[in-house]
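Q: attaching a predicted model along with its sequence, questions to come.
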Amino acid sequence: MSGCIFCKIASKVVNADIVYENQHLVVFKDLKPAAPVHLLLIPKKHYSSLQDLEEEDFAIAGRINAAAVRVARDMGFAENGFRLVCNCGWDGGQVVNHLHYHLLAGRELQWPPG
Ligand code: 5GP
Ligand code: ZN
């Protein structure tokens, strides 16, 4: 989708610090980390938000979960734990309108969030 920053990252038009990639998705470091480890997991295909997925599109959510666990194991924080979050829509705090999950780790995270 033209003008979408995460589409540009997925297609390598815009640089990002990519830590993992497969045919469906890209995992890269967040520009403004909120934890020692703060990664974003995005589908290569543009979807605006989780609530915009159609029934037949939900395989991507499973693939993103699988990629999060794979990266957590590879980067060595799986055992200590992590948080995988999808901010969805206005009330959910979504700013970038390309489906993405935050993967946060590296310190004990507060719950509930603000
Ligand atoms: P949201 O609030 O939409 O769930 O979070 C969007 C996230 O994307 C934010 O944490 C923000 O720091 C990150 N972000 C926005 N633009 C860029 C960018 O161009 N590059 C990278 N690496 N992260 C970005
Ligand atoms: Zn996009």
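A: Done, it's in. Ligands and ions are numbered 1, 2, ... in the order given.

Q: longest strand of this structure?
A: With secondary structure taken from DSSP state E, the chain has its longest strand at strand 37-43.

Q: what lines up beside that strand in the sheet?
A: When sheet partners are counted by DSSP bridges, strand 37-43 sits next to strand 25-29 (antiparallel), strand 101-105 (antiparallel).

Q: isn't there a strand covering Val19?
A: Yes - under DSSP: H, G, I helix; E, B strand; the rest coil, Val19 sits within a strand.

Q: pretty sure it contacts Lys29?
A: Yes - Val19 sits in contact with Lys29 when judged by CB atoms under 8 Å, with a separation of 6.7 Å. Every residue, glycine included, has its C-beta placed from N, CA and C.

Q: more crowded one of these two?
A: When Val19 is set against Lys29 and neighbours are counted by other CB atoms under 10 Å, the residue ahead is Val19, at 16 against 13.

Q: is ligand 2 contacted by the longest strand of the chain?
A: No - using CB under 5 Å from the ion, strand 37-43 never reaches ligand 2; the gap is at least 7.8 Å.

Q: averaged pLDDT, stretch 38-51. What do you get?
A: Confidence over stretch 38-51 (mean pLDDT, whole number) is 98.

Q: list the buried residues for that stretch?
A: Neighbour-count burial for stretch 38-51, counted by 16 or more other CB atoms under 10 Å, picks out 38-44, 46-47, 49-50.

Q: how about those residues in JSON lines, adding distance to Leu103?
A: Putting the buried residues of stretch 38-51 into JSON lines (distance: CB to CB, whole Å) gives the following:
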{"residue": "His38", "distance to Leu103": "7"}
{"residue": "Leu39", "distance to Leu103": "4"}
{"residue": "Leu40", "distance to Leu103": "7"}
{"residue": "Leu41", "distance to Leu103": "6"}
{"residue": "Ile42", "distance to Leu103": "11"}
{"residue": "Pro43", "distance to Leu103": "14"}
{"residue": "Lys44", "distance to Leu103": "17"}
{"residue": "His46", "distance to Leu103": "20"}
{"residue": "Tyr47", "distance to Leu103": "18"}
{"residue": "Ser49", "distance to Leu103": "18"}
{"residue": "Leu50", "distance to Leu103": "15"}
